Structures are given as C-alpha cells and as structure tokens.
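Chemist: no letters, just coordinates:
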C-alpha cells in the first residue's frame, strides 16, 4: 500500500485457534473487523463502542493484570457522554464524586469562583477501566486478550496482519483495520513511521490521595501560590487528591513530604496517616504528525500526550474513540475502504492541538510567580472569574469546547 510500511515479525510457532470464523481468508483463518492495540481506558472504550455497533473486535493488552496505580481521575461532561454511549455512564455516576464548582485562591485570598453547568466526575482510572472491561466482556466475550505483546504489523492491502511475541504460539492476528491505543511509546505509531513531535509545555508535579479534611466535598480547590500551584479534587469515599508543582520531587517522596508541601505553600492540611504513597510525574506534551495512515489509526496517548492533570488526556482520547467508532463502522460497512480515517485525522488532530495549547496555558498559570508577574496573573484570574468571562472559564475547565 502506498506510503505505509509495516515491520512484520515472523512468528516462531503455529497460529492458535482464534475462535469462530468471521471473515475467512484463503487459509480459513478468522479476520477481525478491528484490532485495537492497548487495553487502557481509550482502547477499552473504543472496543465497547465498536462492539455495540456489531463489529468483530479484538483488544490486545500486553499487561497480564489490570493496573491499580493512581492515575487520571477527572471525567468531564463530553467524556461522560461517550461513556453513556458505551453503556457505563450510569455506573460511573453512581460510583464517582461530583465536582460542582471551583475556587481559585492565592495567599489566603479568593481570586475567583466558578460553578459548572454540568459537574465533572472524579473516579480513579482503574475503577473506570474495570467498568469498561466488564462492559466489553458483556458485549463481546473474549474480545480482550491480556498478556499479548504486539511486536509489528504489515498492511496486506485488504487487511492488516499483526505479529505478537507473547503468549508463545499466539502467531498472527488479522483485521480489516488497526487502531493503536498503546500509549506514548506506541509500537503501532513507531512501526507506521509516524512522527512524534514535542510541543511546548513541561512541568514536574507530585500527587497523592488522602482522607478529605476540608469542608469542600464537591469543590475543586486551586491554590495559585507564588511558589507554584497546588490543586485539590474530591474523590469518592471521602478522599481527596492533591497535586503540587515542584522544581524536582523531594527525596524521599512520602506522605509526610507531600503534606509539608501542601501545608507550607497553600496552608491546607493533608493527613499523612490516611495518605497513600504519593508519586511524582513529568507533564510533557507531544503530538503525532498524523493520526491515521491507510488502515491504521492512532487514538489517545498514542496520538497525543497532554498534561494529565484533571484527566485531560484521557477525556480527549475518549472523544477520539467516539469519532473513530463511527468511522470504523462506516469503513467496514463499505467493504473495508482505505480512506476511512481522513476526516478523523483532520478533526481529532485539530482538537488535540487545542487541548495542548490550553494545557500549556494552564501550566504557565500554575508556575511560580513573583512581583509584577504574580500581580498580573492574579488580576487575569479575577477578570476570568467574573461575567461575561466566567462561563468561558467554566467551559474550559469542564472541556465542553472539545
């Protein structure tokens, strides 16, 4: 196929029984409509959406067990609507904590307040993934295959063949379309030869969860302090997440260190005895040169790396999945046409570029500031927090513009 070169790794053992025949090739092997590489929140959601449309889907995840680590929590209104379409929205609402408003302060003074027309929901990512995994199992039993590491793929003109290294004997998996939802180090993207360009916006943070000792049970607290931002969001079960900008993570990074940062900088209280082990991370930003190439499309972190604070990247990936599911269904209905992802590439890459610009602005606003810069920043926050700009600020926070 013109412009697409896939690296194919020859399997060392025979191909396993892949289940009932769907679209037989010359050898009688099953060909799926869609193969999704990556069983995180975006890959699982996309699997649910295409299975609900009646497509034959397989989701390949290299991890043998789900991850229970603390990651994204924010589920914004546009993302929640996609979860509704997948059939898990009601369960998410039932299990999550609503964030109905936000307060921005600096040095003990309130700079602004915003109330959200639709609440943001907070739910730990591993719980959201569990709901999606159960839904996929109900829609397409056996579609999720764990412990399967994809090592390469090749476009055969009418379909794509994937080679996998594990489990032994897994052989080759064939599908009409391939979606890479396999994260920032995406194998699918690398084999496709799609460029991965860094965008401006980079910062270091530490984060941790503890019992909520505030009286702001449905409020996001944003401390825009001279020494760097501290952000705090309610969680289910009377818990709260704390995220703080740092020049570098303290050593050792433990609950006491996180509590000290929050108390010293924001004057807020974190109970170390109730806190889980905190973690440090670097917020980086990248954008793929293309989101699609022939029969192959990228979604989620494989296509765009955006600051993860507030769940921006996860929700952006879910919106990728929403459009991609429609385009995949249309492509299969038309007999596996090659041009299925043209509109997806254009629309979702543009949306990701907007999200990256907003995240860069957010990181700049949260960086340390002093003197005239601090006064200008605080004045800008005050202006944004009053009519007619307040609704625009709330819409940006809840990602309604995506």
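Modeler: The structure has been received and is ready for your questions. Because the structure is predicted, anything quoted here is derived from the model rather than measured. Residues are numbered from 1 along each chain as shown.

Chemist: name whatever forms a beta bridge with residue 154.
Modeler: Beta-bridge partners for residue 154, by DSSP bridges, are residue 161.

Chemist: burial check on it, number of neighbours?
Modeler: 18 (other CB atoms under 10 Å). Yep, even glycine has a C-beta here, placed from its N, CA and C like the rest.

Chemist: am I right that it is in contact with residue 172?
Modeler: No: if you go by CB atoms under 8 Å, residue 154 and residue 172 don't touch, sitting 9.2 Å apart.

Chemist: which neighbours do the two share?
Modeler: 161, 163 (CB atoms under 8 Å, 6 or more residues apart in numbering).

Chemist: which strand runs longest in this structure?
Modeler: Taking DSSP state E as the criterion, the chain has its longest strand at strand 109-122.

Chemist: direction included, what does that one pair against?
Modeler: strand 74-75 (antiparallel), strand 97-106 (antiparallel).

Chemist: same for the following helix or strand past the first one, what does it pack against?
Modeler: Once strand 74-75 ends, the next helix or strand along the chain (criterion: DSSP states H and E) is helix 77-86. Here helix 77-86 touches helix 41-52, helix 89-95, strand 109-122, helix 125-139, helix 312-333, going by 3 or more CB pairs under 8 Å, 6 or more residues apart in numbering; DSSP states H and E.

Chemist: for the ones you listed, which one ends up most surrounded?
Modeler: helix 41-52 (a mean of 28; mean count of other CB atoms under 10 Å).

Chemist: looking only at pLDDT, what's the mean for that helix?
Modeler: Averaging pLDDT along helix 41-52 gives 98.

Chemist: give me the angle between it and helix 125-139.
Modeler: With axes from the mean of the first three to the mean of the last three CA atoms, to 10 degrees applied, the angle from helix 41-52 to helix 125-139 works out at 20 degrees.

Chemist: identify whichever of the helices and strands packed on helix 77-86 lies nearest to residue 239.
Modeler: When the helices and strands packed on helix 77-86 are compared by CB to CB, strand 109-122 sits nearest residue 239, at 9.2 Å.

Chemist: neighbouring contacts of that closest one?
Modeler: 73-77, 80, 92-93, 96-105, 218, 220, 224, 233-236, 241, 310, 378, 381-382, 384-386, 390-391, 393-394, 397-398, 400.

Chemist: can you get me a residue count around the residue lying closest to residue 120 once chain neighbours are set aside?
Modeler: If the residues on either side of it in the chain are set aside, residue 120 comes closest to residue 99, at 4.3 Å by CB to CB, 6 or more residues apart in numbering. Neighbourhood size, residue 99 [other CB under 10 Å]: 26.

Chemist: list the contacts for residue 99?
Modeler: Neighbours of residue 99 in contact, by CB under 8 Å, 6+ apart: 74, 116, 119-122, 218-220, 233-234.

Chemist: what ranges do the helices span in the stretch 151-300 of the chain?
Modeler: For the stretch 151-300 of the chain, helices defined by DSSP state H, counting those that start in this stretch occupy the ranges 187-192, 255-266.
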